[in-house]
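# Quick one, fold the following:
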Amino acid sequence: MASAPVNNLEYDLITVLQNKLQAVEAFDKYLKDAGNDQTCRQLFEEMRRSDEQFIPRLRQELARHVGGSK
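A predicted model of the protein is given here:
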């Protein structure tokens, strides 16, 4: 039986990174849709910033695992 191209943890890191990147992109649309509604804009901006904060950490962790320095 052939082994998987990536292990479960690497797959998880890739999946979470992809989800965060997609969320950040989606929030750009949501911000546009919010128009002048400052309450919604503030909520979306806060959520976008939160997701953005995890992206560098996820990339670093993925590089650590894929790079072989586990």
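# With adjacent residues omitted, what lies nearest to the residue nearest the centre of the chain?
Centroid-nearest residue in the chain: Lys20, 1.8 Å away (criterion: Cα atoms, centre = their mean). The shortest distance from Lys20 to any non-neighbouring residue, by Cβ to Cβ, 6 or more residues apart in numbering, is to Asp51 (4.9 Å). For every residue, glycine as well, the C-beta is placed using N, CA and C.
# hmm, back to that, now the strand or helix carrying the residue nearest to the centre of the chain: buried residues?
Using DSSP states H and E, the element containing Lys20 is helix 8-34. Within helix 8-34, the residues scored as buried using 16 or more other Cβ atoms under 10 Å are Glu10, Leu13, Leu17, Lys20, Ala23, Val24, Phe27, Tyr30, Ala34.
# for stretch 61-70, same thing?
For stretch 61-70, using 16+ other Cβ under 10 Å, the buried residues are Glu61, Leu62, His65.
# I'd like the average pLDDT over that stretch.
Confidence for stretch 61-70, expressed as mean pLDDT, is 81.
# hang on, the earlier thing: so which elements touch the helix holding Lys20?
helix 38-66 (3 or more Cβ pairs under 8 Å, 6 or more residues apart in numbering; DSSP states H and E).
# Over to Ala4. Which of the three states is it?
Assigned by DSSP: H, G, I helix; E, B strand; the rest coil, the conformation of Ala4 is coil.
# what residues are up against it?
Each residue near Ala4 by Cβ atoms under 8 Å, 6 or more residues apart in numbering is listed here: Tyr11.
# what does stretch 26-34 contact?
In contact with stretch 26-34 (Cβ under 8 Å, 6+ apart) are residues Cys40, Arg41, Phe44, Glu45, Met47, Arg48, Asp51.
# Roughly how far does the fifth one sit from Tyr11?
In this case it means Met47. According to Cβ to Cβ, to the nearest Å, Met47 stands 25 Å off from Tyr11.
# how about the residue nearest to Tyr11 when sequence neighbours are not counted, phi and psi?
Nearest-residue entry for Tyr11: Ala4, 7.8 Å, with adjacent residues in sequence omitted and distances by Cβ to Cβ, 6+ apart. Main-chain torsions, Ala4, degrees, to the nearest 10: phi -70, psi 150.
# Perfect, that will be all.
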